[in-house]
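>>> From the sequence below, what's the structure:
(chains A, B, C and D)
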Number of protein chains: 4
Amino acid sequence: MTPLPRPPDVVRSAYAQLVVTDLPKARWFWVDMLGFHVQYEAADSLYLRGTDELTHHSLVLRQGGIAALDHISYRLRAPEDVDRAEDYFRALGCPVLRVPRGEGTHGVGDAVRVVDPLGFPVEFFHEIDRAERLIQRYDLRRGAEIARLDHFNICTPDIPAAYAHYKALGFGCSETIEGDEHELYAAWMYRKQTVHDVAFTGGAGPRLHHLGVATHESHQVLRTADLFGSVRKEHHIERGPGRHGVSNAFYLYLRDPDGHRVEIYTSDYYTGDPDHETYRWNVHDDRRRDFWGNAVIESWYKEATPVLGLDGNSQPVTDTILDESAVQVGADGLG
Amino acid sequence: MTPLPRPPDVVRSAYAQLVVTDLPKARWFWVDMLGFHVQYEAADSLYLRGTDELTHHSLVLRQGGIAALDHISYRLRAPEDVDRAEDYFRALGCPVLRVPRGEGTHGVGDAVRVVDPLGFPVEFFHEIDRAERLIQRYDLRRGAEIARLDHFNICTPDIPAAYAHYKALGFGCSETIEGDEHELYAAWMYRKQTVHDVAFTGGAGPRLHHLGVATHESHQVLRTADLFGSVRKEHHIERGPGRHGVSNAFYLYLRDPDGHRVEIYTSDYYTGDPDHETYRWNVHDDRRRDFWGNAVIESWYKEATPVLGLDGNSQPVTDTILDESAVQVGADGLG
Amino acid sequence: MTPLPRPPDVVRSAYAQLVVTDLPKARWFWVDMLGFHVQYEAADSLYLRGTDELTHHSLVLRQGGIAALDHISYRLRAPEDVDRAEDYFRALGCPVLRVPRGEGTHGVGDAVRVVDPLGFPVEFFHEIDRAERLIQRYDLRRGAEIARLDHFNICTPDIPAAYAHYKALGFGCSETIEGDEHELYAAWMYRKQTVHDVAFTGGAGPRLHHLGVATHESHQVLRTADLFGSVRKEHHIERGPGRHGVSNAFYLYLRDPDGHRVEIYTSDYYTGDPDHETYRWNVHDDRRRDFWGNAVIESWYKEATPVLGLDGNSQPVTDTILDESAVQVGADGLG
Amino acid sequence: MTPLPRPPDVVRSAYAQLVVTDLPKARWFWVDMLGFHVQYEAADSLYLRGTDELTHHSLVLRQGGIAALDHISYRLRAPEDVDRAEDYFRALGCPVLRVPRGEGTHGVGDAVRVVDPLGFPVEFFHEIDRAERLIQRYDLRRGAEIARLDHFNICTPDIPAAYAHYKALGFGCSETIEGDEHELYAAWMYRKQTVHDVAFTGGAGPRLHHLGVATHESHQVLRTADLFGSVRKEHHIERGPGRHGVSNAFYLYLRDPDGHRVEIYTSDYYTGDPDHETYRWNVHDDRRRDFWGNAVIESWYKEATPVLGLDGNSQPVTDTILDESAVQVGADGLG
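Numbers count the residues shown, from 1 in each chain, chains lettered A, B, ... in the order given. As a prediction, the model looks like this:
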């Protein structure tokens, strides 16, 4: 077997493009309620970012016929990494599309889009427009006061395959959920020095489980939930607020008007040391998903966003083999 | 019918005496984890208070054979109010016991104990020993950093009767939960200038639903939950953290080693104006119990602490007529 | 000497009316930055309240030629207390003006205005219009998210006289600052069950030192300071954020565009027990004004707002006898 | 001129070793009050770490005759980087000492110690013992609840030289303070993906200005100040709490019993993108050192910790050329 070429040097999870079916409603949710800043606006799309982000966007909302993930996107260290990404995924036998600046996402330079071995539409780029510094514009903060995109969480039926793919791409693994025989139920993997840029939730896939977006402190997470209650939109709150066992982050899961899930996430930990060790949770520890032992609601395990292929059609979905939600563990068991 | 004598002038909910079956375990929960300060200790009992309390205790834990509420206790404005309490409850035909200083609870002066018309063991007193000021002893704070007792919440099958009894005692009503025909499911009543000193939860009664204890800020409530997770005692967490619709307080419900329920409670509002109006929640508003629409766990509606009579025996329990937990309202419905 | 008539039953500090010289600038400060809600607006005045307040206003800003305090105002328990107030201050020999509903402040009923023995313009009323409940309208919160007026702080040269006057009016005393011979440098006095409705700062008077307005938690105080920095208006921040020794509250002092001082204040303690004891600070304890020992800036001791008489003219000012700011105490001494 | 060899790949600021003159007093400050965890204890030294740190220590306190900095220490990416560090500093003509495992600091492997061109004692190592994960041991948290070392801040008279040295070592520059002609007053430089691992304060040097240690949220910083007040040790608080302009972090500066300065620091921002731009503050912007415009106390500019050479003797100090504290800027000017 020919060895794979050197993979591209991924810096971090950079942005996601979601297809939404009602852009004004999506705007209400992401801009008015979560406090994303509108960086750029086109007829059928919104380009959004958090207050700490210095690049053009971390979220694109595109009007379309069915709610879906158009693609997730990783930033690469150098321009030549885009070529490396192309070579790497071609060598893997994946569908690959080169997208020159001006033909792809507004603000993003030369890029490669692939359907990765897990079936996900993934973009890799280096160049992206800079954006005005809003870090200290407290006067512009609204709602959840989102600081930045933190991670993607994806549903895939074969967690070991997802782990192996991202490991080969140079990702470290901060935490896992494992069975008694070390069978892998979930994994959290990173390039930037946080707990993750991407995580895998066992389930029918490829589907997007959620986007994780960061705030600075936990009181901003509580405020977000209070805001939804105050306008009688509390049904957008799906799970939490709570403390994760995995990552130790404080969290809140919301569903946008199309059902896309977003996690408001704060206060995980540094993972940048070269020998950072994986922390392994047993699937029977009922603190793994909620450190306080609160039950995980069934929709959180079962529902997710379909993903598109390079042709813009929904990718077919395969069922899971190993079902974490079927494990009977205290309040958490949904069997 | 003879008119009732003038009722005693109640200042506030003052303390509760709980019977616990394992005092060292109870001490771990209330002192080590919740951070109550041990003011006085006898062979079979602990006298505890929060850091903002300037009187001798707000909680007495007494070792006994079965977990129960021995009594709740209200402070009265003046020494002569103790006589008024005696006269008032005798006129109501309730069992009444006068307890002179030295024969009752340590630190408490002349008192009257009654079984009130709702079947609850209730003490009324004026005199109580002062205690050293700990308000600014941040160095002594531990765990939940409880500042003070806030309220009693009691289960009673007949909410209108409970409302009428406390109204006659001079309590104001800050909030209620009502059906479409204004049938009363729950009520929050106060003497001090907060949302409540006592609240009624519909259910088999007389039983104690919970003690509410106050912290200054919401991050202390989150810390409490984190602490229980960190020592693998997360099963003591029953419900929350969350935001109440009623009272707008941020809350966390815990169960002590005997199953006694305590609410960590913070950030309600001022009710001291003479014409403060009752705010009425409809039982179908799924924000009433949790402003974020999160479901109320069934045990929270169904389980409670039995109460003792003046003879120290458990009071018989009557089933409820109107069952809030059976109302089908979004996530909250448990039918 | 004829004994004084029974004083009126004061419920709480209710509102202040400030004269501002530029109403749009004042609106920017109090509404846009501090988050007061505009309840009513006239050509030359704004009626404002905090989100937890259920009465018409707690602050009136009136356009005028010189920055001044028009009056502070206390709510009384019953309609007949207005007559009692009139009789009481007439017996004291003070200038008294009866202001029937419709002739005084919008939203306020029958009132009495006096120049009290300390030279301050003070109103007493019972009736006030109700206002829509905003307690849970998190969507309307802005800026400092002010919940309610907490207290008035007034400069007066004779603290013992101020203490005696308010004591006679039925106020309790929660805390004092005293010299080695118990000479009184400052006192905090209350009717509602908090640390104070009014406090006295030694200094030339009568002048208004500041209005104290409450938020729920300390992170809201920090946000306020951040907001002023973010719009390059940090010079409105005069002192803090910090922790008071007296009251244990977390605080921030700001100056409005006219120099009127406001304190953002949170997290003091309950004082409602009938025998609540005064806590006495020694003037040499450098934690009394800032529990962290940070220096008090000189302007805070020296500058204050002039007050108007019943005729609308500025009241003459008398210099102080006992000067706390001259006491040499660590970082705090300004001598 | 021979080109310099390739510099070592620095991962992050790793630990500091301070000489303290009274180890029990230092333990009170760092362990009891700040909440550092004692990882290892020898007769004359303590090895401490924060709760999020997974390596052996981030602070060593060593008993000695005079209060000083023994050395700061950076972790390197790979074992061979230790050789690179040796070669690099030898080529620079600096004093260099190779310290094999077992002969240097407990828990640290093969290391190189140098006196860098700025006169500072600096260690470079790769290997360090792992330590038990305490990230979720909320039950062990105390005091300031320090999570990890964040940065070193050093006083040096020649900021451009310091900048050039660290730039050559591969550090990025997140922020600066500059004069009108772009003369450099201060700079913040990083290897890990935060605002800094090291910063330079203009002043007589080489001296250690402070160690920066991180907490998760701002309420932990407030708690720290409250704790010092509560035990009447408020004089250990030198400056703050406040919000920095530079870094946007929330801060508190304390002095330990020997006068060593520590900053409690929280909530800066991500700097890991390859083209992260330097943000430049003008020295006349009075928000640069405190975003709220509060004055910087003179001791903060003038006092610092002497540093030792490789022989254990104090390094001589050179006076500064450019004095930021002499710049007249609002409240901040100390001229």
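
>>> list the contacts for the residue lying closest to A:Ile321 once chain neighbours are set aside?
Of all residues not flanking A:Ile321 in the chain, A:Pro157 sits nearest, at 5.9 Å (CB to CB, 6 or more residues apart in numbering or on different chains). Glycine gets a C-beta too; all of them are placed from N, C-alpha and C. Neighbour list for A:Pro157: A:Gly202, A:Gly203, A:Ala204, A:Gly205, A:Thr318, A:Asp319, A:Thr320, A:Ile321 [criterion: CB atoms under 8 Å, 6 or more residues apart in numbering or on different chains].

>>> of the residues you listed, closest to chain D?
Chain D lies nearest to A:Gly202 out of the contacts of A:Pro157, by CB to the nearest CB, at 23.1 Å.

>>> Check the burial of A:Val115 by counting its neighbours.
22 (other CB atoms under 10 Å in any protein chain shown).

>>> go on, the one 10 residues further on?
Using other CB under 10 Å, A:Phe125 has 27 neighbouring residues.

>>> A:Gly102 too?
9.

>>> Next to chain B, which bits of the stretch 201-335 of chain A? Give me the list.
Along the stretch 201-335 of chain A, the residues adjacent to chain B under the rule CB under 8 Å from any CB of the partner chain are A:218-219, A:222, A:225-226, A:228-230, A:232, A:234-235, A:237, A:241-243, A:245, A:250, A:286-287, A:291-294, A:330.

>>> Buried subset of those residues, written for PyMOL?
Command for PyMOL that selects the buried part of these, burial taken from 16 or more other CB atoms under 10 Å in any protein chain shown:
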select buried, chain A and resi 218+219+222+225+226+228+229+230+234+237+241+242+243+245+250+286+287+291+292+293+294
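
>>> show me which of the residues of the stretch 201-335 of chain A next to chain B neighbour chain D.
A:Ser218, A:Gly245, A:Phe291.

>>> what's the lengthiest strand in chain A packed up against?
Longest strand in chain A by number of residues (criterion: DSSP state E): strand A:10-20. On a contact count with 3 or more CB pairs under 8 Å, 6 or more residues apart in numbering or on different chains; DSSP states H and E, strand A:10-20 meets strand A:59-63, strand A:68-76, strand A:148-156, strand A:207-214.

>>> can we see that at 7 Å?
Contact analysis of strand A:10-20 by 3 or more CB pairs under 7 Å, 6 or more residues apart in numbering or on different chains; DSSP states H and E lists strand A:59-63, strand A:68-76, strand A:148-156 as its packing neighbours.

>>> wait, what's in contact with whichever residue of the stretch 51-200 of chain A sits closest to chain C?
The stretch 51-200 of chain A approaches chain C most closely through A:Tyr138 (3.9 Å), counting by CB to the nearest CB. Contacts of A:Tyr138 were listed using CB atoms under 7 Å, 6 or more residues apart in numbering or on different chains, and they are C:Arg223, C:Asp226, C:Leu227, C:Ser230.

>>> hmm, back to that, need the helices and strands packed on strand A:10-20 in JSON lines (columns: mean pLDDT, distance to A:Tyr279 and mean neighbour count).
Output for those, formatted as JSON lines (pLDDT from 0 to 100; distance: least, CB to CB, whole Å; neighbours: other CB atoms under 10 Å in any protein chain shown):
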{"stretch": "strand A:59-63", "mean pLDDT": "98", "distance to A:Tyr279": "29", "mean neighbour count": "22"}
{"stretch": "strand A:68-76", "mean pLDDT": "98", "distance to A:Tyr279": "24", "mean neighbour count": "24"}
{"stretch": "strand A:148-156", "mean pLDDT": "98", "distance to A:Tyr279": "16", "mean neighbour count": "25"}
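
>>> and these as JSON lines, adding distance to C:Ile146?
What follows is these, written out as JSON lines (distance: least, CB to CB, whole Å):
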{"stretch": "strand A:59-63", "distance to C:Ile146": "33"}
{"stretch": "strand A:68-76", "distance to C:Ile146": "42"}
{"stretch": "strand A:148-156", "distance to C:Ile146": "30"}
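
>>> residue nearest the centroid of chain A?
A:Phe152 (1.4 Å; CA atoms, centre = their mean).

>>> circling back to that earlier point, name the next helix or strand following the longest strand of chain A along the chain.
Downstream of strand A:10-20, the first helix or strand assigned by DSSP states H and E is helix A:23-27.

>>> contact partners of that following helix?
A:Val20, A:Asp44, A:Leu46, A:Leu61, A:Gln63, A:Asp256, A:Pro257, A:Asp258.

>>> who's the residue nearest to the centre of chain A bridged to?
For A:Phe152, the beta-bridge partners under DSSP bridges are A:Val198, A:Leu211.

>>> distance of A:Arg232 from C:Val122?
Separation of A:Arg232 from C:Val122 (CB to CB, to the nearest Å): 42 Å.

>>> How about A:Ala199?
With CB to CB as the criterion, A:Ala199 and C:Val122 are 62 Å apart.

>>> try A:Gly107
Where C:Val122 is concerned, A:Gly107 sits at a distance of 61 Å (CB to CB).

>>> picking up where we left off before, in helices, which of the residues of the stretch 201-335 of chain A next to chain B appear?
Within these, membership in helices is found for A:Ser218, A:His219, A:Leu222, A:Ala225, A:Asp226, A:Phe228, A:Gly229, A:Ser230, as judged by DSSP state H.

>>> related to what we said a few turns ago, run through the residues that contact the residue nearest to the centre of chain A.
A:Ser13, A:Ala16, A:Ile72, A:Val198, A:Leu211.

>>> before we move on, the earlier item: what's the PyMOL syntax to select whichever of the contacts of helix A:23-27 are buried?
Buried residues within these, by 16+ other CB under 10 Å, are selected in PyMOL with:
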select buried, chain A and resi 20+46+61+63+256+257+258
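
>>> Can you tell me which of the contacts of helix A:23-27 is nearest A:Arg6?
Using CB to CB, A:Leu61 comes nearest to A:Arg6 of these, at 34.5 Å.

>>> So the closest one sits against A:Val20, correct?
Yes: counting by CB atoms under 7 Å, A:Leu61 sits close enough to A:Val20 to count as a contact (5.1 Å).

>>> can you give me the helices for the stretch 51-200 of chain A?
All helices of the stretch 51-200 of chain A, identified by DSSP state H, counting those that start in this stretch, fall at A:80-91, A:159-168.

>>> Tabulate the ones you listed (JSON lines), appending mean pLDDT and distance to A:Ser299.
Below are the helices of the stretch 51-200 of chain A laid out as JSON lines (pLDDT from 0 to 100; distance: least, CB to CB, whole Å):
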{"stretch": "helix A:80-91", "mean pLDDT": "98", "distance to A:Ser299": "33"}
{"stretch": "helix A:159-168", "mean pLDDT": "98", "distance to A:Ser299": "20"}
